[in-house]
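> model the structure of this input:
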Amino acid sequence: MAAASVRHTLSRVRYRVQQYTKGLAARVLPEEAATVRAMLSPTELALFLSMQRRDQRHSLDLFRALSAEGASRDSLVAALLHDVGKDELRDWQRVAFVLLEAVRPDLGRRLEAESGPPWRTGLWRLRHHARLGAERLAAAGCAPRVVEIVAAHTGPPPVDDAEVARFIEWDSRT
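Sure, this is the predicted structure:
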């Protein structure tokens with residue numbers, strides 16, 4: 001492995017460790033909860049509240065970053081709901097996924113499964129959470145652009161959609 005590649009991998013691992021640690025103490029402040037209630041429809045709010053606290057915290061951090069840039073309402077709603085497809089995941093499933101992605105993504109893909117033991121389905125759900133979340137949002141009647149942003153948020157940044165590219169960039173930073 002080239003030195004630059006090793007540095008990049010170590011940088012990503014460091015970022016993920018910080019993200020994980022931050023998630024352990026995740027909380028939503030009362031004023032943030034009020035902002036979420038004002039921003040989302042009752043159905044969207046129920047989806048937000050169904051997410052694990054760490055995912056709510058991450059979503060609020062992304063919401064704040066995009067808000068500061070003057071993002072559209074659709075991007076802001078997508079920020080709050082983009083990880084709804086993760087459902088309930090154990091910490092070790094998240095850690096295993098991140099480590100496999102950093103070291104052996106091909107092995108991770110072989111181990112994950114849509115059905116079967118929870119450890120395999122958790123890996124599968126993490127890989128496919130963008131599509132799963134978009135499907136849930138579409139079924140809940142969310143705006144088509146919100147669904148589109150959520151569906152695209154784990155892919156490579158598109159060259160023809162600056163809004164989604166910015167969303168992906170900020171999602172990877174928060």
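> and the helices in the chain?
3-24, 30-39, 42-50, 53-68, 73-81, 91-103, 105-111, 118-139, 144-152, 162-173 (DSSP state H).
> buried residues in the second one?
Along helix 30-39, these residues count as buried under the neighbour rule (16 or more other Cβ atoms under 10 Å): 32, 35-36, 39. Every C-beta, even on glycine, is put in place using the N, C-alpha and C of the backbone.
> and the fifth one, by the same measure?
Within helix 73-81, the residues that count as buried by 16+ other Cβ under 10 Å are 74-81.
> so what touches that helix?
Residues outside helix 73-81 that contact it (Cβ atoms under 8 Å, 6 or more residues apart in numbering): 36, 39-40, 44, 47-48, 59-60, 62-63, 66-67, 71, 133, 137, 142-143, 145-146, 149-150, 153, 163, 166-167.
> give me the angle between that helix and helix 144-152.
Per axes from the mean of the first three to the mean of the last three Cα atoms, to 10 degrees, the angle that helix 73-81 makes with helix 144-152 is 50 degrees.
> could I have helix 73-81 exported to CSV, CA atoms only?
C-alpha atoms of helix 73-81 as CSV (Å, rounded to 0.1, in the frame of the first residue of the first chain):
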residue,chain,number,x,y,z
ARG,A,73,-35.5,23.4,2.6
ASP,A,74,-35.3,20.0,0.8
SER,A,75,-31.6,19.6,1.7
LEU,A,76,-32.4,20.5,5.3
VAL,A,77,-35.2,18.0,5.6
ALA,A,78,-33.0,15.4,4.0
ALA,A,79,-30.2,16.2,6.5
LEU,A,80,-32.6,15.5,9.4
LEU,A,81,-33.8,12.2,7.8
